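Trainee: Below are the sequence and a predicted model; questions follow.
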Amino acid sequence: MDQSTTLDIEALKMTQEQYILASQSIHLQRPGCVAVYPVGLYGWRKRCLYFFLLLLLVIMIVNLALTVWIIKVMNFTVNGMGDLQVSRDGIRLEGISEFLLPLYVNEIQSRKDSPLVLRAESNVTLNARNSQGQLTGQLTVDAEAVEVQCQRLEVRSSNSERLLFSATEEQVSIGTDKLTVTGAEGAVFGHSVETPLIQAVASQDLKLESPTRTLTMEAPRGVEVSARTGGLKALCRKDLHLQSTEGEIFLDADAIRLETLPLGTYAASSGPSSSSPRTQKVYEVCVCPSGKLYLSPAESSSTCQAVSNICLWS
């Protein structure tokens, strides 16, 4: 055998003890060359990290200083901010407050010794909404008018027990004892008016007028027109109707004057009348079947005739 073969056999010879020790010692690390890498920041990365940390610290200090300054200027306290005091009952504001956005509150109340004033550059609008957010009422106050949009408008007395005024889509009710209109032109009604009494102020005249249409006064149990201290005058352009369907018409006065009544002719059955129109001083008021009034010379008996010229041409 040559020398290389001898070396291979010797290299393959391993005792049993060495094999067992080599197989059981698995926890032992195999010898080898382990690479070592440096851990950490070095160079420009380290300088950038320190710079950002310093910048963050400066920002925190400035932010803290601004927070302290705002608290000092705005006068923040445990109970509120400056003139704004927060309590269990609500929010209390002292002085003039300005709201740039809508304000939602349940109640706005002023102090007992000062009024509540709402001011705006264009208008002041108060809205009321239901649980679904729908608009149920609105009050708008601007430079030209005051507008109210609601289902029912009510004005009550100071103790809220008596209803003074109410308005709905169907009717308007006035609950005061007396309604006084002080305008020079009076009150103008476009449609009918229902009231138990129309009375003028003491020492002033009462005038009911319809310039372009008719004026009608109706009542189921009668209409009474009276003037206690002055005169009563009824003027119309066409016809004046006094009608009673079931009762009578009473004209109660010391003197009743019917002026400018036409003079009717009288055809006596026994010759001409003894009095001429020039000497006649007493006349009789006659009524035609149509209701027209005319004068007829008064005689010992009635001279009213249905065939008078006034009745025939009426």
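Mentor: Done, it's in.
Trainee: going forward, measure contacts and count neighbours with C-alpha atoms only.
Mentor: Noted.
Trainee: Return the longest helix in the protein, judged by number of residues.
Mentor: helix 44-74 (DSSP state H).
Trainee: for it, the distance to its chain's centre please.
Mentor: Computed by C-alpha atoms, centre = their mean, to the nearest Å, the chain-centroid distance of helix 44-74 equals 54 Å.
Trainee: Would you mind checking the average pLDDT for that helix?
Mentor: Helix 44-74 carries an average pLDDT of 92.
Trainee: Tell me which helix or strand comes right after that helix.
Mentor: Downstream of helix 44-74, the first helix or strand assigned by DSSP states H and E is strand 80-81.
Trainee: gap between that next one and the chain center?
Mentor: The answer for strand 80-81 is 34 Å, by C-alpha atoms, centre = their mean.
Trainee: what's the answer for stretch 304-314, then?
Mentor: 64 Å.
Trainee: Then stretch 106-120?
Mentor: Worked out by C-alpha atoms, centre = their mean, stretch 106-120 lies 19 Å from the chain centre.
Trainee: Now the longest helix of the chain: buried residues?
Mentor: Using 16 or more other C-alpha atoms under 10 Å as the test for burial, helix 44-74 gives no buried residues.
Trainee: elements contacting it?
Mentor: Taking 3 or more C-alpha pairs under 8 Å, 6 or more residues apart in numbering; DSSP states H and E as contact, there are no helices or strands that helix 44-74 lies on.
Trainee: Tell me where the stretch 51-200 of the chain has strands.
Mentor: Taking DSSP state E, counting those that start in this stretch as the test, the strands found in the stretch 51-200 of the chain are 80-81, 84-86, 91-93, 124-129, 135-141, 146-149, 153-156, 163-167, 172-174.
Trainee: And those: which comes nearest residue 259?
Mentor: strand 172-174 (41.8 Å; C-alpha to C-alpha).
Trainee: Just checking: what are the partner strands of the helix or strand that comes right after that closest one?
Mentor: Moving toward the C-terminus from strand 172-174, the next helix or strand (DSSP H and E) is strand 283-287. When pairing is defined by DSSP bridges, strand 283-287 lines up against strand 293-297 (antiparallel).
Trainee: List of residues touching the strand it pairs with?
Mentor: Identification of contacts with strand 293-297 by C-alpha atoms under 8 Å, 6 or more residues apart in numbering yields 261-266, 280, 282-288, 303-304, 310.
Trainee: Using CSV, list the CA coordinates for whichever helix or strand comes after it.
Mentor: Sequence-wise, the next helix or strand downstream of strand 293-297 (DSSP H and E) is helix 309-312. C-alpha atoms of helix 309-312 as CSV (Å, rounded to 0.1, in the frame of the first residue of the first chain):
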residue,chain,number,x,y,z
ASN,A,309,-149.1,109.1,-11.8
ILE,A,310,-146.3,108.4,-9.3
CYS,A,311,-147.4,104.9,-8.7
LEU,A,312,-148.0,104.1,-12.4
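Trainee: Name the residues of helix 309-312 that come out as buried.
Mentor: Those would be 310, 311, for helix 309-312 by 16+ other C-alpha under 10 Å.
Trainee: Counting by contacts, list what it packs against.
Mentor: Partner elements for helix 309-312 (3+ C-alpha pairs under 8 Å, 6+ apart): none found.
Trainee: could you give the mean pLDDT of that helix?
Mentor: Helix 309-312 comes out at a mean pLDDT of 78.
Trainee: Now which of the contacts of strand 293-297 would you call buried?
Mentor: 263, 264, 265, 266, 285, 286, 287, 288, 303, 304, 310.
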